[in-house]
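**Student:** Everything below, folded, please.
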Amino acid sequence: MKANELRNLTDGELLSKLDEAYEELMNLRFNLAIGQQRDTNRYAAVKRDIARIKTILRERQLAAEME
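**Tutor:** As a prediction, the model looks like this:
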């Protein structure tokens, strides 16, 4: 997902997306280990999505602390 799309979501929705991304990452890691995964780029893309979500959550946390 793009950062602009993620910024339009609520904190709860972001947390659920984060859980889904971690679950997908676990499945991708498992499939890579047993040799069933064909698209190895997806693993890196999911890791980037996780980083984007965490960054947006942290930005919101810092903004709330500043208020």
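**Student:** so how far is L57 from R42?
**Tutor:** 23 Å (CB to CB, to the nearest Å). C-beta here means a position set from N, CA and C on the backbone, and glycine is covered the same way.
**Student:** Quick check: closest non-adjacent residue to the most centrally placed residue in the chain.
**Tutor:** The centre of the chain sits closest to I50, judged by CA atoms, centre = their mean, with a distance of 2.4 Å. Spatial nearest neighbour of I50, chain neighbours left out: A21 (4.9 Å); criterion: CB to CB, 6 or more residues apart in numbering.
**Student:** any idea how far the host helix or strand of the one you found is from the chain center?
**Tutor:** For A21, the host element (DSSP states H and E) is helix 11-34. Distance of helix 11-34 from the chain centroid (CA atoms, centre = their mean, to the nearest Å) equals 7 Å.
**Student:** Pull out the buried residues from the longest helix anywhere in the chain.
**Tutor:** Counting residues, the longest helix found in the chain (DSSP state H) is helix 41-66. Within helix 41-66, the residues that qualify as buried are 43, 46, 49-50, 52-53, 56, counting by 16 or more other CB atoms under 10 Å.
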